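> build me a model:
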Amino acid sequence: MTDQTQSEILENNPIGKGLDAFRTSFNSICEDRTISCTPDALDIQTLTIGLLSALLTLPAIRFLRSKTSHGNLSSDLLKLISAVTSDNFHFDRIKPLLTAALTDNRDDALIWDQVYNAVTESLTSPKQLTPPTAFERAVFDTPFRSSSASQRGIEQTHDEVDQRILEELTGRVYYDVGGFYERYFEGKTWTNNARDIYEESRAQYTEGRWSGWPEPSIQSLFFEWFMKFQDTVLSGLRRRYYTSANKVLRGSEADRKLDIFLTPADAALPDGEHDWSNVLVIGEHKQNPDEDRSAKTLVQLAGYAREVFGSQPERRFVPGFTICGSMMRLWVFDRSGPYNSEKFDIHKEPERFVKVLVGYAMMSDAELGLNTFIKRDSNGKYIVTREVRISLEDKPIASTKAIVCRGTTCYRGRRPGSTDWEYVVKFAWPSDKRQREGELLKLAKEKGVTGIAVWFNHEQITIDGDPDTISHLRRAMKFGSPRRPSKKAFWVDSSPESSRAYSKTSLKGRSGSSVAHLIGLGIGAGSATTSSSGQKRKRDERLDGGSRLKKSKSDSSHASATNVHKDDQLDAIGAPSIQETVVDSLADCRNDWQRNNVDSIQEAGADSLTDCESETYGNRVNYCLVTSPAGRPLHEYQSARELLEALRDAIRGHRSLLQDGKILHRDVSENNIIITELPAEDAPKGRLIDLDLAKELDGMPSGARHRTGTMQFMAIEVLEGKGHTYRHDLESFFYVFVWMCIRYGYEGTGQQKANKLMRPKTNILRGWYTGMYTEIANTKQGHMDKNRFENIIVEFAPKFENLKPLARELRHVLFPIRDGAIFTGIFHDNDIMYDGMIDAFSRAIDRLGKEEQAIA
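Numbers count the residues shown, from 1 in each chain. Have a look, this model is predicted:
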């Protein structure tokens, strides 16, 4: 490796302690068995997979070039892992690498040289076994996790939303974060001013208490005291605290009232009412100090944060506080979840109390979590990218109402002087482990993919010159173990994300000693704990036997070594190891591949929970993507024919993305299909957008902890934990079609819209996104039965009554009867399903065209 660029990569991305867990586990097993520590001492296949999996987590892997493709070295290692599972793999090719990695005097350059040698000899040899493509496409899928974004409109009742919030926050709430107060309230440009205001307020503090403080602090009396305190101590500031404890704020679909909130003092108040779009800081009051750590208090505050994110979709984070009795706790809700300070008594620490209230009122917009990357002037909002000013439409065409998510928000944009919307400007917070959507779109553009969004530019957002990442926002603080909000969050516990650890295919026939081999090898059991969603909460010694933490790829900051605590407890399902699924799936992949190639049916592999995360929390990166052309949301169709044309052409785009771009989308939903504005004669009338969750077919596991798919559009097998393939995206297109025909289509008919006509308790589609993963999968599979499907399409809106034959035809394409049962599997020849669906849509479009001509 004499190339200077590679030398710089190795220098900037040293292995460090990245292989320590692998080596420690290997040596420990050898010592336990009193055998010599050489590669031949243990099962070499398991040992090799352990090493290759550990190498995949190293930062250099993403920058070193591939020897077999145009990608990076990670794609080579994935192919090598697959080859290792074959019967005729020659392990002599891998022994020099094992020796280099296990030696005490480790040499980074030598290890990477041996990696390249192993790849070259194993993957370019004529004796190489062709790896099964189904494995590469399925086994490294990132697990799904639910969010509260599923609840919409009338479904946003407190009970429904609060339950989803509990599920969304499970394993992501951090209490008593060290350094919180110092991070947000010390060393700021306004800190001295806040101290001066405190000195002036001391006249209100006598005998160790704030004057006039009500005891007990009944809500009405507390609010009265707080407002008087503000008028006396905090007057003259440009922001002001208000209460709306007895009145719903404007813009809330869940009808939430807000105890205390901060808003600009000069905010416009239509009809004298406050609006969620102006809320800067949220606050919750409880009379009882014992409610400080209660799940109810958390969910109420989180509900407020969700409303703020929903009304201010480009918001970066939301500050907040609780006052329970006289105990105050400070909070921040960002796209990776909530965390808070240590609580303090406002009577015992009066200076801190005043400096907090004043600090929030004096913070800059950026310090309060507003997105200052978006500029504003008299003409409205705009951004500048590639030296081009792009004006944004007032309201987004799509946004996500949840807390822990990518926070995807899309606006239409245009150049100055133009009257046509020509761009879609997207803001999102993807995991820093994922390949950037912009990179995939550029790749798709280079490969001639058609029918999807066309890349214009993408960039990571910086705020005040700093990278806008979760790790940067959470810098200089110490996080402990996440707290599970409540046992009520049962929905996640029983999901396939947990049950996948016990995949029938992957665990069949494994002996206890075999599992023991995997402990600590980056794919094993040991003391690794699991969150209630079935994801690994910690990697223990997987990446680093010391601090067990790694450097963020998007930020130079480190999560503190004190952030991670050892925890030998198992999760709610008692799963000792999720990672063993990976190895066992690899071991069984050979048999699957042989069976799949005999038959014309391809089975999806187990959905692995592999991830390369070692930080205490998931790091996300705020970025902006600009694509063209602009379009309308799918629900803004102007005719049934236009809706079908958009769906058909989006499916064509999906096929081109898969076959030409070798990229699988994996998140087909109503919001990820647009109707193209004024398309050219032969241009697609609908396009597929949002490649945030897409994967190159030969790509490595992203390392992201989870992907928050759109529940109601998830395919049955994905809900069951199987790997994601093209078939599952086509199934999602079908669910989008059915969803549109039931949820929309009441305009101009004199009837109410579906979400006003049918309460959530009776709406048949509610079962598509409510309940456990297994329940939703069973519900959907039952609905796809020929007879029960009629109960679904009977709910089609009047405007779509004539689309029932198309619905039946699509159901038959996707769910044919095989061996007396509904088939939900995958055909190796993907044209079977693509052609079936596209042709069905085309025939229906032709029928509608003839009907329109007859009417005319």
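> where does the prediction get shaky in the stretch 401-550 of the chain?
Residues of the stretch 401-550 of the chain meeting the criterion pLDDT under 70: 484-550.
> hey, where'd the strands end up in it?
In the stretch 401-550 of the chain, the segments counted as strands under DSSP state E, counting those that start in this stretch are 409-414, 423-428, 454-460, 462-463, 466-467.
> same check, this time on the stretch 601-750 of the chain
Secondary structure of the stretch 601-750 of the chain (DSSP E, counting those that start in this stretch): strands located at 601-602, 623-628, 631-633, 663-664, 673-676, 686-688, 695-696.
> for the fourth one, packing partners?
Taking 3 or more Cβ pairs under 8 Å, 6 or more residues apart in numbering; DSSP states H and E as the contact definition, the neighbouring helices and strands of strand 663-664 are helix 437-446, helix 640-659, strand 695-696. For the C-beta atoms, the positions are set from N, CA and C on the backbone; glycine is no exception.
> can you tell me the strand partners of the last one and which way each runs?
Counting by DSSP bridges, the strands paired with strand 695-696 are strand 663-664 (antiparallel).
> what sits up against the strand it pairs with?
By Cβ atoms under 8 Å, 6 or more residues apart in numbering, the list of residues contacting strand 663-664 from outside reads 137, 440, 443-444, 449, 657-658, 691, 694-697, 724-726, 729.
> so how far is that strand off the chain centroid?
When distances are taken as Cα atoms, centre = their mean, to the nearest Å, strand 663-664 is centred 18 Å away from the chain's centroid.
> give me the mean pLDDT for it.
On average, the pLDDT along strand 663-664 is 94.
> again, but for stretch 251-268
Regarding stretch 251-268, the rounded mean pLDDT is 86.
> in a markdown table: the helices and strands packed on strand 663-664, plus distance to Asp104.
Converted to a markdown table, these look like this (distance: least, Cβ to Cβ, whole Å):
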| stretch | distance to Asp104 |
| --- | --- |
| helix 437-446 | 39 |
| helix 640-659 | 47 |
| strand 695-696 | 37 |
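> show me which pair in the contacts of strand 663-664 is furthest apart.
Spatially, the most separated pair among those is Leu443 and Thr725, at 19.9 Å (Cβ to Cβ).
> who's more crowded, those two?
The residue with more neighbours, out of Leu443 and Thr725, is Thr725; 28 against 19, by other Cβ atoms under 10 Å.
> surely that one and Gly825 touch.
No: if you go by Cβ atoms under 8 Å, Thr725 and Gly825 don't touch, sitting 9.4 Å apart.
> and Ile742, what does it touch?
Residues near Ile742 by Cβ under 8 Å, 6+ apart: Ala754, Ile764, Leu765, Ile792, Glu795, Phe796, Ala797.
> apply 10 Å and report the result again.
Taking Cβ atoms under 10 Å, 6 or more residues apart in numbering as the criterion, Ile742 is in contact with Ala754, Met758, Asn763, Ile764, Leu765, Ile792, Ile793, Val794, Glu795, Phe796, Ala797, Phe800.
> now it: how far from Leu166?
Computed as Cβ to Cβ, to the nearest Å, the Ile742 to Leu166 distance reads 28 Å.
> same question, Gln6
Noted for Gln6: a distance of 48 Å to Leu166, by Cβ to Cβ.
> which one of those two has more residues nearby?
Neighbour totals were compared for Gln6 and Leu166, and Leu166 leads with 23 against 17 (other Cβ under 10 Å).
> the more buried one against Gln300, yeah?
No: counting by Cβ atoms under 10 Å, Leu166 does not reach Gln300; the two are 11.8 Å apart.
> longest helix anywhere in this protein?
Using DSSP state H, we find that the single longest helix of the chain is helix 831-855.
> now for that helix, which elements pack on it?
Other helices and strands packing on helix 831-855, by 3 or more Cβ pairs under 10 Å, 6 or more residues apart in numbering; DSSP states H and E, are helix 640-659, helix 726-743, helix 804-814, strand 826-827.
> among these, which gets the worst mean confidence?
When I compare the helices and strands packed on helix 831-855, strand 826-827 is least confident, with a mean of 84.
> partners of it, with directions?
Strand 826-827 has the following strand partners under DSSP bridges: strand 601-602 (antiparallel).
> pLDDT on the strand it pairs with, on average?
On average, strand 601-602 scores 42.
> mind listing what Val449 touches?
With contact set as Cβ under 10 Å, 6+ apart, Val449 has these partners: 440-441, 443, 653-663, 688.
> can you map out the helices along the stretch 351-500 of the chain?
437-446, 470-473, 490-493, 496-499 (DSSP state H, counting those that start in this stretch).
> and for Asp829, the neighbour number?
Asp829: 11 neighbours (other Cβ under 10 Å).
> same question for Asn379.
Asn379 has 8 neighbouring residues, counting by other Cβ under 10 Å.
> isn't Ile470 up against Met477?
No: in this structure, Ile470 is not within contact of Met477 by Cβ under 10 Å, at 11.7 Å.
> neighbour count: those two, which is higher?
More crowded of Ile470 and Met477, by other Cβ under 10 Å: Ile470, with 26 against 21.
> next, Glu168: secondary structure please.
Secondary structure, DSSP: H, G, I helix; E, B strand; the rest coil: Glu168 is helix.
> how close does it sit to Leu298?
As judged by Cβ to Cβ, Glu168 and Leu298 stand 12 Å apart.
> next one: Arg256
15 Å.
> neighbour count winner among the two?
Set Arg256 next to Leu298 and count neighbours by other Cβ under 10 Å: Leu298 wins out with 25 against 19.
> no further queries at this time; thank you.
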